[in-house]
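Asks: no FASTA, just this:
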């Protein structure tokens, strides 16, 4: 496919620029005698691009300009917590003492990194009321996986390996049911009641019926994915515990809880944190994440490893010695080495800036911003559930009397007003859902501008619906043919190699 | 208040709009018995203080600017051109989310598509996804694909003992809830021994290339035997070695996975890295995680979009084969920029520097009294050294000379007590190598 250049390409592909023999690097001469390469094992062709340094810089800078990002404006993407990513954290991550530290350095030579991880484990435990924390999961989904594997092993060790059902509310993130399947367990979905809480009758029926002895636990997001605090959460926890199950909290919405309640104190047995949501580590266009997992005393021996502990206490002038430890009955390793350390150090710097008196304000102002938007948008859109929200809220992307306009059209039109759209069509239980999460770092002027854009869009839906149906009009491209992408499946533009037969 | 911009007047105006008197009133649904607990955290810090503290913590580590690094074992100290970091620091890239809204995410989408393409070029595969968490989890996901490809009729997975020990641990952790058998890696079996374990219950056989000991096995006839048994051949490859050696595609692999850190991602104490995952066309619809495809917009303009979405957990929920949601987006961008800069000629040159320097070091160490290097097979940039005394003692002495020595293989391999795995890359100058040899020689 190389050499193919559509007339209207935004930016040519890297394979379509450059010239034979060109390179973007200047490498040192070989300063040792050359060894012989085994000809029968070497390859003949390496079909990579041949592009100069300036060309590479311009190529990627131009690509960057086709993106929307937090650094450009409000990004009210519900359940994703798109808060400002502090610049100082990026500087810290690039210090040679972190960036050029080998993961298998002897522990005595990595005391700075180990100290930092140990502190962060403690702070995350303190913020959520848990006994112990492992930083090793690479993302929220891995934290969930670790949590469910711990619950599974806990039951097996107690001779109750038949407990294989995990209850999941139907408003849950898709990762929750997928995680349960990956762990070899079974999902039972629970409906929500009219207030958006877990339907208590259904929960009691599940926990007190024939399946009682098979209940391994429940996964639940607090506040729920509708942005609502479950007013019955203590009863939910008690009901599952009474049936012998353990409680998993999906910590995706932790930005609504810091300093408000500690999940461990509510009775949760295990939860994951998304350092890339709550603790400001950048989303990076889709990752890396970091999904630490916290547990109470019951599950502590099962944590994924390694975790950091003090292996020799402080003694006079000798500081304590930190080291990696594999918990006694650990479910094992979630990834190689010890988690996404680059995210740990950013989260460390973030918590350090806010400290004891400030971390609660993160949540307070996140919730203030969300309720402010909610109060203002209620005038032009239908907002289900008449309660104050947490850090996010859902509204229906449907305009009375204009059936052809959907949540998707409102979202696409927002791009023309310079905003990233909210999350569309999630949670699944609200029709035409638009899930809005402004975060605490947004200024009132920008929130007001967002409200005005939403109001104008509601007006346009009535007067000129076509404008919405064809939006966006000012983005780099118009709506895409996703069916064609899945059908034709063009996934690679590199020249083909001689194939194996 | 740090990154919170509200003035008291604005807060009052917002509260009035909501119809409450204080922010705390908004939390009335949270159980009162547990509301507003005390937090035992250190006091807040200014940016200046945080910067100083982070510097102090970082300097309590032995890092690559103060030490010569001869340790690899799955994480490699390579040169990263300045351009890579400058592109990664574009806020448009690193402060963006997953490209769910393709109209305003074409930058991330095209860069990821180009990453996929260049990974195909390196591995000789037809398609690559947008990346997994790391090399180890990529291998664990390959196991899932192989089991799925056999429609769960085959339940045996053969792993070579020469796959990174931590990767094998991760595979076991990932699949502990499944009714499958993972065999082959508890002994010291050579590839021929592993081939003998193939049967009609085997879903896949996985090898590392170069293997954990740095060696390049001749894999010319392996694929045929694996395919004859109806299993999939999975190769865990170091992409840097693929600059010189035959692509796994050419050798008949069905799935190629590995750690992409070598290409533009710093050591960073083990993460974030990126797991690449490449596959033959035949199995492309079984791939987990994100994948970017080409399409057209409403005006016919070429554009890119996340495709094969119905496989993913947010749509398929409990029927999804993996719960993976994020990818290592920014690290894939780093690899993309790195590969574009290096290109056809630069990457080969880096590969050759690694090869020649490692061989120079190996030959010199092999001549030292008491040491011997395993030269029984060709190797790339790592090799195994049998030492005259415990590796720990040698490394302690090296550290005093400003050198981080090889990785101690003893704790992972019973038969390799007093053996170290030494890694040499383009970052190690001849003077550094000579110093390494000199200090090791003094301990013979």
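Replies: Structure received. Fair warning: this is a prediction, and the values are worked out from it, not measured in the lab.
Asks: residue B:347: what secondary structure?
Replies: Here residue B:347 is recorded as helix under DSSP: H, G, I helix; E, B strand; the rest coil.
Asks: that one: neighbouring residues, count only.
Replies: Residue B:347: 25 surrounding residues under other CB atoms under 10 Å in any protein chain shown. Backbone N, C-alpha and C define where each C-beta goes, glycine included.
Asks: same deal with the one 4 residues further on?
Replies: For residue B:351, the number of neighbouring residues by other CB under 10 Å comes to 23.
Asks: tell me which element it falls in.
Replies: Using DSSP states H and E, residue B:351 sits in helix B:329-366.
Asks: from residue A:305, how far off is residue B:410?
Replies: Separation of residue B:410 from residue A:305 (CB to CB, to the nearest Å): 20 Å.
Asks: wait, I meant residue A:89
Replies: Taking CB to CB, one finds residue A:89 at 26 Å from residue A:305.
Asks: just residue A:402 next, same as before
Replies: Taken as CB to CB, the span from residue A:402 to residue A:305 is 55 Å.
Asks: who's more crowded, the two?
Replies: Shown here are residue A:402 and residue A:305; by other CB under 10 Å, residue A:305 has more neighbours (21 against 16).
Asks: do you know the pLDDT at the closest residue to the more buried one other than its chain neighbours?
Replies: Spatial nearest neighbour of residue A:305, chain neighbours left out: residue A:326 (4.0 Å); criterion: CB to CB, 6 or more residues apart in numbering or on different chains. With respect to pLDDT, residue A:326 scores 97.
Asks: quick check: longest helix of chain A.
Replies: helix A:341-377 (DSSP state H).
Asks: any idea which helix or strand comes after it?
Replies: strand A:393-396.
Asks: what's the following helix or strand after that following strand?
Replies: helix A:407-416.
Asks: how far is that next one from where the chain is centred?
Replies: 23 Å (CA atoms, centre = their mean, to the nearest Å).
Asks: which elements pack onto that helix?
Replies: Counting by 3 or more CB pairs under 8 Å, 6 or more residues apart in numbering or on different chains; DSSP states H and E, the packing neighbours recorded for helix A:407-416 are strand A:423-424, strand A:433-436, helix A:444-463, helix A:465-469.
Asks: neighbours of residue A:51, how many?
Replies: By other CB under 10 Å, neighbour count at residue A:51 equals 24.
Asks: swap that for residue B:341, sorry
Replies: For residue B:341, using other CB under 10 Å, the count is 28.
Asks: one more: residue B:42?
Replies: 11.
Asks: do the same with the one 4 residues further on
Replies: For residue B:46, the tally of surrounding residues (other CB under 10 Å) stands at 10.
Asks: ok, and the closest non-adjacent residue to it?
Replies: Going by CB to CB, 6+ apart, residue B:46 has residue A:353 as its nearest residue, at 7.9 Å.
Asks: quick one: the one you found from residue B:47, how far?
Replies: Distance from residue A:353 to residue B:47, by CB to CB: 7 Å.
Asks: neighbour count winner among those two?
Replies: For residue A:353 versus residue B:47, neighbours defined as other CB under 10 Å are more numerous around residue A:353 (22 against 14).
Asks: tell me the contacts of that one?
Replies: By CB atoms under 8 Å, 6 or more residues apart in numbering or on different chains, the residues touching residue A:353 are A:86, B:2-3, B:44-47, B:50.
Asks: let me know the pLDDT of it.
Replies: As predicted, residue A:353 sits at a pLDDT of 97.
Asks: I'd like to know how far it sits from residue B:204.
Replies: Taking CB to CB, one finds residue A:353 at 47 Å from residue B:204.
Asks: residue A:223 too?
Replies: 42 Å.
Asks: any low-confidence regions in chain B?
Replies: Low-confidence segments of chain B (pLDDT under 70): B:1.
Asks: is whichever helix or strand comes after the helix holding residue B:351 anywhere near chain A?
Replies: Using DSSP H and E, the helix or strand that follows helix B:329-366 towards the C-terminus is strand B:372-373. No - using CB under 8 Å from any CB of the partner chain, strand B:372-373 stays clear of chain A, with a minimum separation of 12.9 Å.
Asks: now do strand B:372-373: which elements does it pack against?
Replies: Counting contacts by 3+ CB pairs under 8 Å, 6+ apart, strand B:372-373 packs against helix B:329-366, strand B:382-386.
Asks: distance to chain A for the ones you listed - can I get that in a markdown table?
Replies: Converted to a markdown table, those look like this (distance: least, CB to the nearest CB, whole Å):
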| stretch | distance to chain A |
| --- | --- |
| helix B:329-366 | 3 |
| strand B:382-386 | 12 |
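Asks: skipping adjacent residues, who's closest to the most centrally placed residue in chain B in space?
Replies: Most central in chain B under CA atoms, centre = their mean is residue B:259, positioned 2.9 Å from the mean C-alpha point. Counting by CB to CB, 6+ apart, residue B:135 is the residue found nearest to residue B:259 once chain neighbours are left out, at 3.1 Å.
Asks: with residue A:397 instead?
Replies: That would be residue A:407: by CB to CB, 6+ apart, it lies 2.8 Å from residue A:397.
Asks: the one you found: how many residues sit nearby?
Replies: 22.
Asks: list the contacts for it?
Replies: Neighbour list for residue A:407: A:396-398, A:424-425, A:432-434 [criterion: CB under 8 Å, 6+ apart].
Asks: distance of residue B:271 from chain A?
Replies: To chain A, residue B:271 is 4 Å away according to CB to the nearest CB, to the nearest Å.
Asks: residues in contact with that residue?
Replies: Here residue B:271 is in contact with A:103, A:138, A:288, A:335, A:337-343, B:134 (criterion: CB under 8 Å, 6+ apart).
Asks: likewise residue A:173?
Replies: Residue A:173 touches A:79, A:221, A:225, A:250, A:252, B:314, counting by CB under 8 Å, 6+ apart.
Asks: could you dump these to a markdown table with distance to residue A:375?
Replies: Formatted as a markdown table, these follow (distance: CB to CB, whole Å):
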| residue | distance to residue A:375 |
| --- | --- |
| A:79 | 21 |
| A:221 | 23 |
| A:225 | 21 |
| A:250 | 27 |
| A:252 | 24 |
| B:314 | 29 |
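Asks: the residue nearest to residue A:305 touches residue A:306, doesn't it?
Replies: Yes - the pair residue A:326 / residue A:306 is scored as a contact, 5.5 Å apart, by CB atoms under 8 Å.
Asks: between those two, which one's more packed in?
Replies: Legend: neighbour count by other CB under 10 Å for residue A:326 and residue A:306, higher for residue A:306 (20 against 14).
Asks: quick check: which element contains residue A:90?
Replies: helix A:87-93.
Asks: who touches that helix?
Replies: A:98-99, A:280-282, A:342, A:345-346, A:349-350, B:47, B:50-51, B:54, B:58, B:89, B:94, B:268.
Asks: buried ones in it?
Replies: A:88-93 (16 or more other CB atoms under 10 Å in any protein chain shown).
Asks: next structured bit after it?
Replies: Assigned by DSSP H and E, the successor of helix A:87-93 is helix A:96-99.
Asks: for stretch B:29-46, measure first residue to last.
Replies: 34 Å (CA to CA, to the nearest Å).
Asks: give the contact list for the residue in the stretch 351-500 of chain A that chain B sits nearest to.
Replies: Distances between the stretch 351-500 of chain A and chain B by CB to the nearest CB are smallest at residue A:355, namely 3.3 Å. Applying CB under 8 Å, 6+ apart to residue A:355 gives the contacts B:41-45.
Asks: what's the answer for residue A:240, then?
Replies: Taking CB under 8 Å, 6+ apart, one finds A:167, A:203, A:207, A:215, A:217-218, A:246-247 in contact with residue A:240.
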